[in-house]
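# here are the coordinates; sequence isn't available:
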């Protein structure tokens, strides 16, 4: 799953046999289907909270689902048959069920039919079946009739109302299958699924597997789908509604796979034409992954479905991959570079999951990183292959550095975090699992070598195909294939939180040189814990005489001999190491002098460590200044924008959104000439990166330099863009990445009268807009209105926007300094009302709202307000602690850095 919490920008297997060759044929009975499927491993775990896990005495072997799904109604009915193996004698056992009305349970044993007593345990989301006699080990079939309501929280099976009709979508990951059918809702339990969906005539139904046949009766059609290979419950998927169906190009057969893979796209009625770009480019990504693994795609079809209201970014359901509309519905002429890159990156991420997660599944949620870190790392790797211009590997490094920021507070979690509550499961879907995990894998690949790493993970996939696996299975495969003991290194990064900070010093004399290293956990300013951390770090460095030398650094302080006395040393060659660094003495200056000899990735690593030194108070602004100027003038966008986040911090928190002229001139002196070089308008044939660099320069000169010529140009384009949208005309005359700034200009840079007029017109456009990309732009920019009386109109939008857009209104308002206090007070006063409007998955992130204040005086208030309200919102308590850590460090950095910044710019407090 590609997760999309706020704030977040911010991103295999079966070649041994034909896809689905182990799947039973449609005519085979359930019992035979079970016998042909691999048996699930019996994973013996000792959770700290025993009631949280199901016992391993009952193992499901196959499901048959009969579901009546009418989107015009409020709920559904179902009959679920589960064949299970009873491994120990018992008179009771449990399975998951959430908010289902269980109307009947009949258990067929090998010799008789039993009717157990049913008890519901709402807190545990379980039902217990209690028998009047002790049952010996045997095979049982559970026949359960149930009914329930469609979800309203973008989880489970939920309903989306649209002018073109009613639609049903599923999002089961992590633990929402239990709200659709009673089940053993843990990832270790993988079984085949048969699905029979009864839906109204003349609408579509999609499921994981291809349709076998259908039968009509009394205005309804029952669609019967091919049995699936073994799947965990979180990958079960179905969608129902009057979709546009677009047939894409089949993905051609290969040496690994003799049959082509059918490819289809689905979108809400009337939106199908925008699927063409996605359908055109999906096949090349899939083929690149098959080639990398040497293992065929495991499933018989690929459907890609655009979901208008979706809590996640995308979901890797086998055969039925779902995406937010913004990621899948692209107008090739109007879509911007970022949207196209996002499609390729997220599609690669979800297709990696067909192997990592789907064919081989985590045994328990503590190994979620086996799914998400691999999908992130290999998704970037394959994106770089099919779209070299995307700079995906460099973006992976930036993503790792972003994870380091999250990993620099006490509330940070481990990559492989123990999972003992529902909160822990939901918290696992974060930047630590995805981006830190990906950075860790990048470091591991660098340590082992690319080919040994590839062979190791391929062996892991082949050995565990259609089953489950743990971290130990992976590390065993990597060590076997590479002949390199990596377990100690791996577990030192997987099983403790935090990012190492490596201190580097070099001592030289006439006869020898010594590299001395020290390590400690890096914290942002004002934060620490008492825990001792020690990593086994693959420390790789570059000098003027050696491109890459690596040592394993495993002590608090450790020295290593060098074969020469270097002129300079970069402490993270290729930027693959998950650590930050500081260099003592002259070698820090020498590295700056030789910066042009570094690779792009090494320059990124240097910039990250410099910014980290600023954030923890070790460097002041005057020390960072030379680097900000040098990087700002570098020709590559990813480097020239490396320090721009510091401009945002200074503008918002030191200057309180009212910067002095000296600051504006400072920004202008750095970026005006590079901007002039690339110009206002795209040139024919210019690269994607130049387009994104133009957007970055526009933003810097518009917001931080307050450059009148840029603001005037954007104002004119904003007026033209507004009229074009109102009249339904072509809007490709303006680079897509500049739309937000152009609208912001007409909303804020005119007269009070024109600003109000443009607000009303933009709001009207939002309310009738169906394209998710434009809606994102409208919501975000409307929140920046300078007119205080518009506040109520913006809050009034909440009932009229999609569920996954509701918190975007609050984030937009909190980004506007004139609304921050009022937004926070309104949110507190109407929390009970708002919490009914906002999906729980989004509500879990609302403790971050007060971070905009950067004021330590708010900590007690924030904690007191949220503490009792969020205990039952999965993931929210840890988010609250992280938010409090963020407020503390923001305030501390402001207090520490502000005097030096004011002095640098000649501003009197």
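Thanks, I have it. Just so you know, these numbers come straight off a predicted model, no measurement behind them.
# any regions of the chain where pLDDT drops low?
4-50 (pLDDT under 70).
# domains in the protein, by residue range?
Listed by automatic domain parsing, the domain ranges of the chain are 363-494, 500-612, 622-704, 707-830, 839-909.
# what about the longest one, start to end distance?
Think domain 363-494. 16 Å (C-alpha to C-alpha, to the nearest Å).
# next: the last one.
Criterion C-alpha to C-alpha; first-to-last residue distance in domain 839-909 is 43 Å.
# need phi/psi at residue 496.
phi -150, psi 150 (degrees, to the nearest 10).
# with respect to residue 252, which of the domains of the chain lies nearest?
For residue 252, the closest of the domains of the chain is domain 363-494, at 15.5 Å, according to C-beta to C-beta. For the C-beta atoms, the positions are set from N, CA and C on the backbone; glycine is no exception.
# by contact count, what packs against the longest helix seen in the chain?
When the chain is parsed with DSSP state H, its longest helix is helix 876-904. Secondary-structure packing of helix 876-904 (3 or more C-beta pairs under 8 Å, 6 or more residues apart in numbering; DSSP states H and E): helix 422-427, helix 600-615, helix 621-632, helix 859-866.
# quick check: next helix or strand after the shortest one?
Towards the C-terminus, the helix or strand next in line after helix 422-427, according to DSSP states H and E, is helix 431.
# wait, a strand at residue 341?
No: assessed with DSSP: H, G, I helix; E, B strand; the rest coil, residue 341 is helix; it does not lie in a strand.
# now it, nearest residue through space, not along the chain?
residue 390 (5.3 Å; C-beta to C-beta, 6 or more residues apart in numbering).
# how many neighbours does the one you found have?
When neighbours are defined as other C-beta atoms under 10 Å, residue 390 has 20 of them.
# for residue 280, what are its contacts?
Neighbour list for residue 280: 248-249 [criterion: C-beta atoms under 8 Å, 6 or more residues apart in numbering].
# re earlier: please state the backbone phi and psi of the residue nearest to residue 341?
When read as degrees, to the nearest 10, the backbone of residue 390 gives phi -70, psi -20.
# which one is residue 612 nearest to, not counting chain neighbours?
Using C-beta to C-beta, 6+ apart and skipping residues adjacent in sequence, the residue nearest residue 612 is residue 580, 4.9 Å away.
# helices and strands around the host helix or strand of residue 198, which ones?
Per DSSP H and E: residue 198 is located in strand 193-200. Applying 3+ C-beta pairs under 8 Å, 6+ apart, one finds that strand 193-200 contacts strand 58-68, strand 204-207, strand 220-225, strand 238-241.
# tell me how far residue 689 lies from residue 784.
In this view, residue 689 and residue 784 are 27 Å apart by C-beta to C-beta, to the nearest Å.
# I meant to write residue 687 there.
Taking C-beta to C-beta, one finds residue 687 at 30 Å from residue 784.
# sec struct for the nearest residue to residue 357 once chain neighbours are set aside, please.
Sequence neighbours aside, residue 371 is the residue nearest to residue 357 in space, at 3.8 Å (criterion: C-beta to C-beta, 6+ apart). Following three-state DSSP, residue 371 is assigned to helix.
# how many residues are close by residue 371?
27.
# now do residue 753
Residues near residue 753, counting by other C-beta under 10 Å: 8.
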